[in-house]
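1. structure of the sequence below:
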Amino acid sequence: MSAIRQAEPVLSATEASQAGLDRERLLRLYRDMLATRMFEERGNLLFKAGRLPGSYYTGRGNEAASVGVASAMGEDDVASPLHRNMGVHVVRGVDPAALFCQYMGRAGGATRGRDSNLRTNDFSPGVGLLAGVSHLPAMIPVITGMALAFQLRREPRVAVGWCGDGAAARGDMHESMNLAGVRELPIVYIIDNNQYAYSTPNSLSFACEHLADRGPAYGFEGIVVDGTDVLTVYREAARAIEKARAGGGPTLLELITLRMEGHAVHDDAAYVPRSLVDEFTARDPVDRYRAWLQVNQELTDEEQAAIEAEVRATIEKGVADAEASPLPNPDTVLDGVYAVSSQE
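-> Sure, this is the predicted structure:
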């Protein structure tokens, strides 16, 4: 029977190199984390200015978790990220303009203006993203089915499926993990344990010590990882993905983070204890990794400024391109609709 373990942190440049990360890739991780943070900050401002319809969700505090996992994926692998996993879209090369179009309800978005939530359904090599839906974790059975397809076709591909701590209680997740364990499917399950399912704390959500305990219950390894440490996330994700690719079956990674902002921008998260916020603020994944690079890779102020300027320019171009995209033509409202009920 597989067991649960606590991942040891990656502390040194030597350990990062052993994990397959040279300086160029280490800086790329920082660039992608920063792009994730800055994209969501820009979106937050756009929402507050009334330029985004609907609601707006952020993953502040989850940058290392999303970027670390996505950076470990192979070109032909597929993933089903959630609404707090912007870093997955960044790493997989989704155009910022397309993302802003989607949030703005513009015709250039993935759903052509039909909604304003994060949706990317693109299975081209290097992207491989399955669009999420608001009912969590409804896409876990789908991504598990894709892993089954890879196995049946004998394709050396891996599926990566995301779930939150709250949604991990749903039957969709348990039924999928049971099938994956029985069939030894090439899949890695990610639970972003950000402490709160909306306003419900973990203490009222599950009785086991770790959500990773559920991996061994279904016959595969569960690993608890510091989700604010991008290097450790990357190493553990890479190990799990390559194990799955080699026929070693599933792995469950529980990434420990905190949702640093409310459920959505309308929620001030006043129910989160200040002490918990302070604890994770001190472990801010972007600040923490920047400090590591300064010590272990001699990241200079000039390099840092250049990365920030490049990211900011890319984001601002994305905003401008999205705002230049037209609103959807009302005459196309039924395009793509499979059934229409008409009444006389």
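2. give the contact list for residue 213.
-> Residue 213 makes contact with 4, 222 under the criterion C-beta atoms under 8 Å, 6 or more residues apart in numbering. (C-beta placed from N, C-alpha, C; glycine too.)
3. okay, now the sheet partners of the one helix or strand in the chain whose mean pLDDT sits lowest, with direction.
-> Ranking every helix and strand in the chain by mean pLDDT, DSSP states H and E puts strand 4-6 at the bottom, with a mean of 89. Strand 4-6 has the following sheet partners, assigned by DSSP bridges: strand 221-226 (parallel).
4. now do the least confident helix or strand of the chain: distance to the chain's middle.
-> Between the centre of strand 4-6 and the centre of its chain there are 22 Å (C-alpha atoms, centre = their mean, to the nearest Å).
5. pLDDT score for residue 178?
-> Looking at residue 178, its pLDDT stands at 98.
6. other SSEs contacting the longest helix along the chain?
-> When the chain is scanned for its longest helix (criterion: DSSP state H), the result is helix 23-48. When contacts are defined as 3 or more C-beta pairs under 8 Å, 6 or more residues apart in numbering; DSSP states H and E, helix 23-48 packs onto helix 63-71, helix 86-91, helix 96-104, helix 230-245, helix 285-296, helix 301-324.
7. most packed of the ones you listed?
-> helix 63-71 (a mean of 30; mean count of other C-beta atoms under 10 Å).
8. can you name the next helix or strand after that one?
-> strand 78-80 (DSSP states H and E).
9. what comes into contact with that following strand?
-> 70, 73, 88, 92, 123, 128-130, 132, 139-140, 142-143, 146, 157-162.
10. quick one: distance of it to the chain centre.
-> 10 Å.
11. so where's this structure shaky on pLDDT?
-> Across the chain, the ranges flagged by pLDDT under 70 are 1-2, 340-344.
12. neighbouring contacts of stretch 318-338?
-> By C-beta under 8 Å, 6+ apart, stretch 318-338 touches 39, 42, 46, 51, 95-97, 99-101, 103-109, 112-114, 340.
13. mind redoing it with 7 Å?
-> 42, 96-97, 99-101, 104, 106-108, 112-113, 340 (C-beta atoms under 7 Å, 6 or more residues apart in numbering).
14. okay, buried residues for the longest helix of the chain please.
-> Buried residues in helix 23-48, counting neighbours by 16 or more other C-beta atoms under 10 Å, are found at 26-40, 42-44, 46-47.
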